[in-house]
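Q: Fold the following, please.
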Amino acid sequence: MGLSINDTAPDFEADTTQGRISFHEWIADSWAVLFSHPKDFTPVCTTELGQVAKLTPEFERRGVKVIGLSVDATDSHHRWADDIEETQGARPGYPIIGDTDLNVSKLYGMLPASASGNASSRCALDNLTVRNVFVISPDKKIKLIIAYPNVTGRNFAELLRVIDSLQLAARHRVVTPAGWNQGDDVMIHNSVSDDQARVIFGDWKAVKPYIRIVPQPR
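A: Prediction:
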């Protein structure tokens with residue numbers, strides 16, 4: 001069975017470009033983003049790692065730790081970081097996991113349990129499914145899973161938007177509509193009765209009984 005929303009993110013120990021970590025201990029009380037790559041020195045992934053490096057202040061402002069993963073060794077990751085800095089104008093300051101034995105990729109359902117070999121014997125085409133993003137909350141629950149094809153670079157502005165929504169919903173009993181951005185109106189969660197909503201939110205605009213619109217809580 002694959003991982004689903006609200007499953008506990010599997011814990012693991014692994015070598016990274018910043019030393020060995022125990023994943024849950026590394027997350028601690030923060031939100032976290034784990035994003036994976038099928039191989040070092042691939043074009044789309046190079047741009048993605050550089051983009052995340054540039055967006056590091058935005059993740060930090062939201063209290064989010066970022067960690068990458070690629071199916072190669074950490075010494076290769078360090079060499080790749082030189083290329084990323086040269087071509088993208090930013091060097092990853094976040095850790096990148098070395099998944100040479102495919103353990104984490106299998107644990108997170110990005111490769112089948114039957115996948116064999118190690119990083120040196122596999123090419124990017126063998127690892128095409130190692131292209132996922134996981135957003136994990138401080139209680140170690142998976143709140144978002146997105147899988148991308150290898151030909152399409154990830155939209156990290158969208159990822160930040162989703163994190164804003166998840167964090168808002170974690171603090172207040174609201175949900176966000178399609179295309180929502182910070183400052184837009186939100187909707188009262190359907191688990192909140194009208195009587196409870198009056199206490200929490202006061203008035204609202206009822207488009208339908210199940211669509212109750214209020215300003216974004218602060």
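
Q: got the buried residues for stretch 15-25?
A: 15-17, 21, 23-24 (16 or more other Cβ atoms under 10 Å). For the C-beta atoms, the positions are set from N, CA and C on the backbone; glycine is no exception.

Q: go on, stretch 148-159?
A: Result for stretch 148-159 [16+ other Cβ under 10 Å]: buried residues 148, 150, 154, 156, 159.

Q: cool, and stretch 42-58?
A: By neighbour count on 16+ other Cβ under 10 Å, the buried set for stretch 42-58 is 42, 44-46, 48-53, 55.

Q: Likewise for stretch 3-12?
A: So for stretch 3-12, counting by 16+ other Cβ under 10 Å, buried means 3, 9-10.

Q: Give me the contacts around that stretch.
A: 22-24, 27, 34, 103-104, 107-109, 134, 136, 140-145 (Cβ atoms under 8 Å, 6 or more residues apart in numbering).

Q: Go through these and flag which are in helices.
A: Here DSSP state H is the test, and the contacts of stretch 3-12 give 23-24, 27, 103-104, 107 as lying in helices.

Q: want to try JSON lines for the buried residues of stretch 42-58, with secondary structure and pLDDT as columns?
A: Formatted as JSON lines, the buried residues of stretch 42-58 follow (DSSP: H, G, I helix; E, B strand; the rest coil; pLDDT from 0 to 100):
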{"residue": "T42", "secondary structure": "coil", "pLDDT": "95"}
{"residue": "V44", "secondary structure": "helix", "pLDDT": "97"}
{"residue": "C45", "secondary structure": "helix", "pLDDT": "97"}
{"residue": "T46", "secondary structure": "helix", "pLDDT": "98"}
{"residue": "E48", "secondary structure": "helix", "pLDDT": "98"}
{"residue": "L49", "secondary structure": "helix", "pLDDT": "98"}
{"residue": "G50", "secondary structure": "helix", "pLDDT": "98"}
{"residue": "Q51", "secondary structure": "helix", "pLDDT": "98"}
{"residue": "V52", "secondary structure": "helix", "pLDDT": "98"}
{"residue": "A53", "secondary structure": "helix", "pLDDT": "98"}
{"residue": "L55", "secondary structure": "coil", "pLDDT": "98"}
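
Q: if we take those residues, which one ends up nearest to G68?
A: Comparing those against G68 with Cβ to Cβ places L49 closest, at 6.2 Å.
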